[in-house]
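*Asks:* The amino acid sequence is not available; the structure is as follows:
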């Protein structure tokens, strides 16, 4: 939930804030292509999210004494891919709307299905088949499935490659949609 809040919600206002403050004109006048502007918006939130995941892992292992059965490096790789996907989802929202308020509302509306349909709180097995099929487009579902396999079951990468590939594809799709929707002209 913390990673969803930081990644999606904070990046959803990144480009919109530039547009509302009038600094987007300066960015668009620079010789940088739009892809560099979008990536530059990702980096600070990526660093914050990686710090958050390290803090959460330290609290889980040192304070709560929760054992980690699998590879910590594999988990960090999956978490890094999930963070990138969630950041790109936030950037996609940011490129689709014109105000910070709209960006925050849309990211909140996407946060609720991310929590309910991710198999984190409610078991997907107890839900109807139509809802289970909708849950396949939620990146958090695949991250939580991979996390359970790595942290609880202690599996290797060959057992989580499906989740990794799906997260990478979703992240690339959000990045491509963000670049396509990024407006290079001010309105």
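*Replies:* The structure has been received and is ready for your questions. Worth saying up front: this structure is predicted, and the values here are computed from it rather than measured.
*Asks:* For the spatially most central residue of the chain, which non-adjacent residue is spatially closest?
*Replies:* Central residue of the chain (Cα atoms, centre = their mean): residue 86, 1.0 Å from the mean position. The spatially closest residue to residue 86, leaving aside those adjacent along the chain, is residue 7, at 3.4 Å (Cβ to Cβ, 6 or more residues apart in numbering). Bear in mind the C-beta positions are built from the backbone N, C-alpha and C, glycine included.
*Asks:* ok, the one you found - contacts?
*Replies:* By Cβ atoms under 8 Å, 6 or more residues apart in numbering, the residues touching residue 7 are 45, 49, 83, 86-87, 89-90.
*Asks:* Check residue 62 too.
*Replies:* With contacts defined as Cβ under 8 Å, 6+ apart, residue 62 has no neighbours.
*Asks:* Could you measure from it over to residue 48?
*Replies:* When distances are taken as Cβ to Cβ, to the nearest Å, residue 62 and residue 48 turn out to be 21 Å apart.
*Asks:* same check, this time on residue 103
*Replies:* Counting by Cβ to Cβ, the separation of residue 103 from residue 48 is 18 Å.
*Asks:* can you give me the helices in the chain?
*Replies:* When secondary structure is read from DSSP state H, the chain shows helices at 2-4, 10-12, 14-21, 24-29, 34-58, 72-96, 100-116, 129-134, 139-147, 161-181.
*Asks:* Name the residue most distant from the centre of this structure?
*Replies:* When distances are taken from the C-alpha mean of the chain, residue 29 lies farthest, 29.2 Å away, according to Cα atoms, centre = their mean.
*Asks:* Using a markdown table, please lay out the contacts of residue 7 together with pLDDT.
*Replies:* What follows is these, written out as a markdown table (pLDDT from 0 to 100):
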| residue | pLDDT |
| --- | --- |
| 45 | 89 |
| 49 | 91 |
| 83 | 93 |
| 86 | 91 |
| 87 | 90 |
| 89 | 90 |
| 90 | 88 |
